[in-house]
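Visitor: sequence? don't have it. structure:
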């Protein structure tokens, strides 16, 4: 189904417009925060900002399953969005009034709101369309994020020509107004569906992560693979600027070409993810991760800028295939399991990303070629292991089904 056909559904259109503005706002917020941290508190503050933003995702993912379940409705998410309007809009004045420590505390609160909103929204989105259209809707939402990744920094740069960086916080605050109104409208629109969960008496606590992963072992393999891949991908994030400048003696323009190739490739990958052979799960998912590992290792053999650009474009093309494939599989599950697995996925990604940023920079700076090779090899081997594990689990499930049929 085409994206335009999906957007003819009013709930999908409302959510898509709100999310598009929201993700643009997030890009504005990130740029404004980084710039303000650098100007007012220096490079150390920039690093602290990243860590403080990641920590709530990890802690809530590990220990906050009840909290996430409590906010798993459009009505609750509307309240979370509205609560962030004043906080985000007041960031420039908060920095002057309460200093870096106070701002980091506020950022932790914003990170907490994101840690609640992201898995809850991911779990609610599939209910907007029939089951057969869920993958197409996941592709549409993924395309929105990738477009804003490409256009967001440029749009912010244009605004910075006319506005101080602090005013980008106000632009982000305005997007929370829109998304809060959209969630409130969706809550009213689907009140007949949400009334039971929102007003029913308290039920058992959401299942623990281990129990959910045991119930869905192939998804557990895929989530583990994704976390390993995210950790290893940090090598490219940190290593590419080092490789371009120290090894290829290139300047900022070369890095700009790499980022452009990354953005264009990711948009093409969103289209490619609709191809049925690549949409198979878990085989296609695991094999694409193997390919991503090979491409990561290939950076070590790049001796010219155009080669780095080409490898980056190819890696960016295949990246959305894994992201969309896993999200579509989780989206097919019943609501409680879907919500829990999206929360587990977010926790794994943030833990892997932060772990990579803290553990790998020194190693990458010392030997970038070896780092590319090792990270690529680990990623490819993990992909093969996940494929073998998923096939073994499939055989066991088939054997259990056959034995159960024989007994009956």
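Guide: Now that the structure is in, tell me what you want to look at. In this text, all values refer to a predicted model and were calculated from it rather than measured experimentally.
Visitor: what about residue 305, distance to residue 55?
Guide: Here the criterion is Cβ to Cβ, to the nearest Å. By it, residue 305 lies 37 Å from residue 55. Where you see a C-beta, it was placed from the backbone N, CA and C, and this is true even at glycine.
Visitor: typo on my end, it should be residue 215
Guide: Taking Cβ to Cβ as the criterion, residue 215 is separated from residue 55 by 28 Å.
Visitor: which of the two has more neighbours?
Guide: More neighbours surround residue 55 than the other of residue 215 and residue 55, with 18 against 14 (other Cβ atoms under 10 Å).
Visitor: how about the more buried one, what does it touch?
Guide: 108, 111, 354 (Cβ atoms under 8 Å, 6 or more residues apart in numbering).
Visitor: what comes up buried for stretch 111-129?
Guide: 111-129 (16 or more other Cβ atoms under 10 Å).
Visitor: What about the residues you listed, which are in helices?
Guide: 111-124 (DSSP state H).
Visitor: Now do the strands in the stretch 51-200 of the chain.
Guide: Counting by DSSP state E, counting those that start in this stretch, one finds no strands in the stretch 51-200 of the chain.
Visitor: Do you have the helices of it handy? List them.
Guide: If you assign secondary structure with DSSP state H, counting those that start in this stretch, the helices in the stretch 51-200 of the chain sit at 65-70, 74-89, 91-124, 134-162, 167-189, 191-199.
Visitor: can you pull the contacts of residue 221?
Guide: Contact criterion Cβ under 8 Å, 6+ apart gives 282, 386, 389, 390, 393 as the residues in contact with residue 221.
Visitor: Out of these, the closest to residue 59 would be?
Guide: residue 386 (26.8 Å; Cβ to Cβ).
Visitor: in what helix or strand does the nearest residue to the closest one once chain neighbours are set aside lie?
Guide: Distances taken as Cβ to Cβ, 6 or more residues apart in numbering place residue 225 nearest to residue 386, at 4.1 Å, with adjacent residues excluded. Under the assignment given by DSSP states H and E, the secondary-structure element containing residue 225 is helix 217-242.
Visitor: buried set for that helix?
Guide: Buried positions in helix 217-242, judged by neighbour count with 16+ other Cβ under 10 Å: 217-236, 238-240.
Visitor: all helices of the stretch 201-350 of the chain, in order?
Guide: With DSSP H, counting those that start in this stretch applied, the stretch 201-350 of the chain shows helices at 209-215, 217-242, 252-272, 276-279, 283-298, 305-331, 335-359, listed in chain order.
Visitor: For residue 167, find the nearest of these.
Guide: Checking those against residue 167 by Cβ to Cβ gives helix 252-272 as the closest, at 24.7 Å.
Visitor: lowest average confidence, helix or strand, in the chain?
Guide: The helix or strand of the chain with the lowest confidence, counting by mean pLDDT, DSSP states H and E, is helix 191-199 at a mean of 43.
Visitor: I'd guessed residue 178 sits against residue 20; true?
Guide: No - proximity of residue 178 to residue 20 does not meet the contact threshold set by Cβ atoms under 8 Å, at 9.6 Å.
Visitor: Cool, thanks, signing off.
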